[in-house]
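Asks: What follows is a predicted structure for the sequence shown.
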Amino acid sequence: MGLARTGSTSGNGSGDIFLAFSTANPHADKEPGPNTIQTVSNERISPLFTATVQATEEAILNALVAGQTMTGIDGHTVIGLPHDKLQRALKKYAR
């Protein structure tokens with residue numbers, strides 16, 4: 001979702017890295033079951049999802065701003081993103 005908020009999507013070969021985690025108790029799947037687990041309600045875990053999306057969006061923007069103009073192999077030059085243009089674009093789209 002953080003990628004989407006910056007105008008990107010993901011796909012096979014995109015280079016994006018996804019991280020998943022579980023809030024299950026240690027040994028929640030221990031044999032033999034049944035096992036008891038404790039959970040956090042949807043209402044209480046939603047702020048964690050929001051924070052994750054915002055942190056991802058911020059990391060992407062930080063990476064864009066940190067990029068500097070550089071020249072690589074065969075003289076190919078990539079221009080660093082001008083901060084003023086980024087700020088205007090973000091403001092235009094209420095970001």
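Replies: Looks like it came in fine.
Asks: List the buried residues in stretch 61-68.
Replies: By neighbour count on 16 or more other Cβ atoms under 10 Å, the buried set for stretch 61-68 is Leu61. The C-beta positions use only the backbone N, C-alpha and C, and glycine is treated the same way.
Asks: backbone phi and psi for Val78, please?
Replies: For Val78, the backbone dihedrals are phi -120, psi 130 (criterion: degrees, to the nearest 10).
Asks: Skipping adjacent residues, who's closest to it in space?
Replies: Nearest non-adjacent residue to Val78, counting by Cβ to Cβ, 6 or more residues apart in numbering: Met70, 5.8 Å away.
Asks: Would you enumerate the residues in contact with that neighbour?
Replies: Counting by Cβ atoms under 8 Å, 6 or more residues apart in numbering, Met70 touches Thr77, Val78, Gly80.
Asks: for those residues, which one is nearest Lys91?
Replies: Set against Lys91, the nearest of the contacts of Met70 by Cβ to Cβ is Gly80 (19.7 Å).
Asks: And the residue nearest to Val78, how close does it get to Ala59?
Replies: 20 Å (Cβ to Cβ, to the nearest Å).
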